[in-house]
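Participant: Here is my input, please return the structure:
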Amino acid sequence: MDALKNIAGGSSSHGNANAGNAGRAPGEKKDLGDRIAGFANKKEGNKFSDQQLESGTDKIRGMYEKATGNKVNPKISQ
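Facilitator: Okay, the predicted model is just below:
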C-alpha cells in the first residue's frame, strides 16, 4: 500500500527516518502513551500530526498528575 501512495504522490514513513520522532531530540524514543495515541490516530485515519499528538499526551499527563497528585509511571510516560 505504501508503494501505491508513493506513486500517487503521497508520502510514506519509510521515506523519512525521523517521521516517528517529530518534535523530539535525535535519539529520543516515543513513550508508551505517545505510541498508543499514534496507534489510535492511525486507526482513525491520521487526523492529527505527531506534534499535535505529543502536545495532547503531555496535557493529559499534566491533568492526571494535577488531579491525583501522583507522577505517571516513567515506563508509561516520560
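
Participant: State the distance from the residue lying closest to residue 32 once chain neighbours are set aside to residue 34.
Facilitator: Closest residue to residue 32 apart from its sequence neighbours, by C-beta to C-beta, 6 or more residues apart in numbering: residue 76 at 4.8 Å. Bear in mind the C-beta positions are built from the backbone N, C-alpha and C, glycine included. Applying C-beta to C-beta, to the nearest Å, the value for residue 76 to residue 34 is 10 Å.

Participant: and those two? which has more neighbours close in?
Facilitator: Legend: neighbour count by other C-beta atoms under 10 Å for residue 76 and residue 34, higher for residue 34 (21 against 11).

Participant: Apart from its neighbours in sequence, what residue is nearest residue 47?
Facilitator: Nearest non-adjacent residue to residue 47, counting by C-beta to C-beta, 6+ apart: residue 41, 6.4 Å away.

Participant: That neighbour: which element?
Facilitator: According to DSSP states H and E, residue 41 maps onto helix 32-43.

Participant: who touches that helix?
Facilitator: With C-beta atoms under 8 Å, 6 or more residues apart in numbering as the test, helix 32-43 has contacts from 20, 30, 47-48, 50, 53-54, 56-57, 60-61, 72, 75-77.

Participant: Could you turn the buried ones of those residues into a PyMOL selection?
Facilitator: Here is the PyMOL selection string for the buried members of those, based on 16 or more other C-beta atoms under 10 Å:
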select buried, resi 30+48+50+53+54+57+61+72+77
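
Participant: pLDDT check: weakest of the contacts of helix 32-43?
Facilitator: On pLDDT alone, residue 20 ranks lowest of those, at 49.

Participant: about what we covered before: could I get the buried residue list for the helix holding residue 41?
Facilitator: Buried positions in helix 32-43, judged by neighbour count with 16+ other C-beta under 10 Å: 33-34, 37-38, 41.

Participant: what's the helix or strand for residue 57?
Facilitator: Using DSSP H and E, the element containing residue 57 is helix 50-68.
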